[in-house]
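Participant: give me a model of this one.
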Amino acid sequence: MAMASSESPIKIFILVEYEIEEMAHSLFMIDLPTDLIQQKVDLEDGFEEVSPVLSFPENKFLDNTEFVKLGSEIYLFGGSSLGLVPSLDRHTHLQTTVQVLDTNNPEKGLHRVAPMNAIKERNCAFVADGMIYTLGASVDSSECGMSGCFERYSPQLDKWEVLPDPPLPLEQLSCADWTSHASVVGRKVFIGSEWRDLYLIFNLDTQRWDKVPPTSVAQYFPYGAICVENSLYHMREREAVRQCMVFDRGCDYEPLHIVKRGPLPNPITSSSKGILNLKNALLSRDKVQVLATAAELEGNDETFFTHSSFNPWRELLHLGGSFFCYVVAAEVMDNEDRTWLDPHTRFFAIRIFKEVKGESGAAEFLPLASFFYKFCAQFPNYSEMIRCCAVGNVPDSWSKLLPKKQHESWKRTVKRTATTTSGSKEVKTEGHDQAADAVAVCKLKKLLAAKEEEIRRLKDELARLAKK
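Facilitator: Predicted structure coming up:
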């Protein structure tokens, strides 16, 4: 482990799902330090070695199991067949099983709670009002509108309750892929599926589904985005195909960056005026800000997660307040022939950011610290699914870093290089002029990204008008 858990108020839990039979899943726990300034890394190759806090053999979870945090506990349930055909004949005992990890005592392993009432494939999950909600593809069709594809769990009662089905035809309910595509915004939950462009809005106050939103609005909502103080935060990347990346129709050509959309209307209503206000908030140039570009997220150096031979999985987590965490998990791959160069090693990177106001008054991410880890397994650890979450509270010492350190942080550029072949590491501090130039370049990139966003919006509006 990175450090004793008692010394760290925030832990990052990462569940790696393997594609081999020897070992199905590994759970990693990485403790973040309370003092980011004094944290020093002096390692031979730039990576700190980590080991799983728990490992699970096959038949413990279904493929693509849901991984959702409620308080200090992590719930794992549901799953997915590899295709769109329900896996009724495989691991039937796990299809409704719900297993829980107490993050305060992870070494004790998992315990079971009440099972779900119905099977759910390719499901998403979200937390609201101290309960867990999950929506998945319906395996058992029902004409009464209560197929069991949508349920909620009360930890106090240890009970799952079946809720009304979404307002969709049964054939769509049975095949939809909702994996990781839910966002809670105030008292509304926005859920989207890339499969057949399905969009839903659930009302937490009425516990009923709103009418299906117009495509002109729904297709631009970044399903899976994090909502903080009525604004949406999410990653965008050209040709993003992994399920951890936000489903965003506006991302046709941009490189990787993190954006903030908002503030959104409060409250969001289902009236014509409410829908129009939501559309304006989603598409307005003034309400879309680039918080971090690819250069700021991954650097211009040769760190492992920017190298062309690595196959990364990325996730954005909200740690609390104005603090966020960017997590990268990667494996060494030859992108030309899609073969693994080092199948026994997996790498992790964690970057901590604080949202601040830049010189222009726009929001941006200020980097606070970066940490690098590697896991050397006894078996090939190929993976196409990573789950992660953050547990704990931001320490007061992080907040005390700013604003006094803010100006100096902008001027300071730390370059890390680490190679797995030679095991070399280089850490350099660039001069004031070079750092200032780098900041200027990043600001120009943000301005360019904002302009491209406006051009894309205008093109879409012209196309819509042309159809009329």
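
Participant: what does stretch 216-229 contact?
Facilitator: Residues outside stretch 216-229 that contact it (Cβ atoms under 8 Å, 6 or more residues apart in numbering) are 180-186, 190-192, 197, 199, 212-213, 232-234, 236, 246-250, 261, 263, 275, 278-279, 282-283, 316-318, 464. From N, CA and C alone the C-beta is placed, and that goes for glycine too.

Participant: okay, now the sheet partners of the longest strand anywhere in the chain, with direction.
Facilitator: Longest strand of the chain, by residue count under DSSP state E: strand 339-357. Here strand 339-357 is paired, per DSSP bridges, with strand 323-334 (antiparallel), strand 363-376 (antiparallel).

Participant: got the CA positions of the first one in PDB?
Facilitator: The one in question is strand 323-334. Extracted in PDB, the C-alpha atoms of strand 323-334 (Å, rounded to 0.1, in the frame of the first residue of the first chain):
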ATOM      1  CA  PHE A 323     -10.900  19.200  -5.300                       C
ATOM      2  CA  PHE A 324     -10.900  16.600  -8.100                       C
ATOM      3  CA  CYS A 325      -8.900  13.500  -8.900                       C
ATOM      4  CA  TYR A 326      -7.900  12.300 -12.400                       C
ATOM      5  CA  VAL A 327      -7.100   8.500 -12.400                       C
ATOM      6  CA  VAL A 328      -5.300   6.600 -15.200                       C
ATOM      7  CA  ALA A 329      -4.900   2.900 -15.300                       C
ATOM      8  CA  ALA A 330      -2.800   1.500 -18.200                       C
ATOM      9  CA  GLU A 331      -1.100  -1.600 -19.700                       C
ATOM     10  CA  VAL A 332       1.800  -1.700 -22.100                       C
ATOM     11  CA  MET A 333       0.500  -2.400 -25.600                       C
ATOM     12  CA  ASP A 334       1.800  -2.100 -29.100                       C
END
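
Participant: give me the mean pLDDT for it.
Facilitator: For strand 323-334, mean pLDDT is 82.

Participant: list the buried residues for it?
Facilitator: Within strand 323-334, the residues scored as buried using 16 or more other Cβ atoms under 10 Å are 323, 324, 325, 326, 327, 328, 329, 330, 331, 332, 333.

Participant: for residue 66, find the nearest of the strands paired with strand 339-357.
Facilitator: Taking Cβ to Cβ, strand 323-334 is the member of the strands paired with strand 339-357 nearest to residue 66, at 17.9 Å.

Participant: just to revisit the earlier point, buried subset of the contacts of stretch 216-229?
Facilitator: Buried members of these, scored by 16+ other Cβ under 10 Å, are 180-185, 190-192, 199, 213, 232-234, 236, 246-250, 261, 275, 278-279, 282-283, 316-317.

Participant: so where do the helices sit in the stretch 51-200 of the chain?
Facilitator: Using DSSP state H, counting those that start in this stretch, the helices assigned to the stretch 51-200 of the chain run over residues 170-173.

Participant: can you pull out the strands in it?
Facilitator: Assigned by DSSP state E, counting those that start in this stretch, the stretch 51-200 of the chain shows strands spanning 54-56, 66-70, 73-77, 98-102, 110-112, 120-128, 131-138, 150-154, 159-162, 182-185, 188-193, 198-203.

Participant: as CSV, those strands with mean pLDDT and distance to residue 359 would be great.
Facilitator: Converted to CSV, the strands of the stretch 51-200 of the chain look like this (pLDDT from 0 to 100; distance: least, Cβ to Cβ, whole Å):
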stretch, mean pLDDT, distance to residue 359
strand 54-56, 84, 46
strand 66-70, 93, 36
strand 73-77, 94, 40
strand 98-102, 94, 44
strand 110-112, 94, 49
strand 120-128, 91, 36
strand 131-138, 92, 41
strand 150-154, 97, 45
strand 159-162, 96, 51
strand 182-185, 93, 30
strand 188-193, 90, 33
strand 198-203, 91, 38
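
Participant: mind checking which of these is nearest residue 388?
Facilitator: strand 66-70 (7.8 Å).
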